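Peer 1: Give the three-dimensional model of this entry:
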Amino acid sequence: MLESQLPILIVLLVLGTVSKVSTVRSGGEPGALARLGPAVLVPDRMQAPALLVCAAGEAVLAAGLLLSTHEIFRWGTAAFFALSTYVLLELRRRRPEAGCGCFGEVSSAPVGLRSIARTVLLAGMAALSLWAPVTGWVAVTRPSWLTGVGLLLLLVLSPEIEEMIDRVRYRAPCEQRRGPAESVTLAMLRASGAWRAHRDELTSAEPFDSWRELCWRFFAFRNHEQDDVVFAVYLSGRRPAVRMAVVSAEGSGSLPEYTPVSA
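Peer 2: Below you'll find the predicted structure:
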């Protein structure tokens, strides 16, 4: 049973490789790579090479798992997903608006708990497969029920599924879609943990201003100190991410906070 998760690891690594290379080749809109990890964490001129290096590493690991039982590929895969978990945690802390980039531009939604849980699960799968006695090719030809369980868990933890469904339905990236009505987005905000945590600080439950930028709708309120409290709601997914920031009345120094409901 140790080899049961090898097929999933191989498929995920191959998909990651292909999607990252496709994202770099397509170019996309200006600044698109700057919203995807790991490109987010490097200078502009290094963003495309960083994605390609990541893709090359995934390709090597996938080939090694498929054709060999050498421990370097098994340990390398476990280390790769463990490092990915750390990178996602850093993105969530330092750049909460950025996507994980796990599968290229389709992974542009802000990093949420599901994305992090998925990399933890993949690291666990890789650890389970460390001492598998057969190659990935043999494991692919005789998958077990544990393979199906792992695949089901990954589907549940993959926000990209919702994004792909949206793209098929609307055939346009999030920032070009019409998006839900303002009243619907406001209702989503009021159902979020960020709103419940800060609503008592506000002088009114109704925003004094709202606007849209790309995939986000912003709502501005005032608190009892007359500071501006700005909530941002992501315009994709059934349970969108919500971010919050406080801007002082003097207009200097923002105190960023965020509470992702899901992503």
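
Peer 1: Secondary structure of Ala245: a strand, I assume?
Peer 2: Yes - assessed with DSSP: H, G, I helix; E, B strand; the rest coil, Ala245 lies in a strand.

Peer 1: any idea how far stretch 7-17 is from the chain center?
Peer 2: Taking the mean of its C-alpha atoms, stretch 7-17 sits 17 Å from the chain's own mean (C-alpha atoms, centre = their mean, to the nearest Å).

Peer 1: same deal with stretch 191-207?
Peer 2: The answer for stretch 191-207 is 26 Å, by C-alpha atoms, centre = their mean.

Peer 1: if you average pLDDT over it, what comes out?
Peer 2: Mean per-residue pLDDT for stretch 191-207: 87.

Peer 1: tell me which residues of it are tucked away?
Peer 2: Ser192, Ala194, Trp195, His198, Leu202, Pro207 (16 or more other C-beta atoms under 10 Å). Bear in mind the C-beta positions are built from the backbone N, C-alpha and C, glycine included.

Peer 1: Likewise for stretch 181-193?
Peer 2: Buried, per 16+ other C-beta under 10 Å, within stretch 181-193: Thr185, Leu186, Met188, Leu189, Ser192.

Peer 1: Which of those fall within helices?
Peer 2: Among these, the ones falling in helices (DSSP state H) are Thr185, Leu186, Met188, Leu189.

Peer 1: what about the stretch 51-200 of the chain, any weak spots by pLDDT?
Peer 2: Across the stretch 51-200 of the chain, the ranges flagged by pLDDT under 70 are 166-180.

Peer 1: residue ranges for the helices of it, please.
Peer 2: Per DSSP state H, counting those that start in this stretch, the stretch 51-200 of the chain carries helices over the ranges 71-94, 113-128, 136-141, 145-156, 160-170, 182-190, 193-198.
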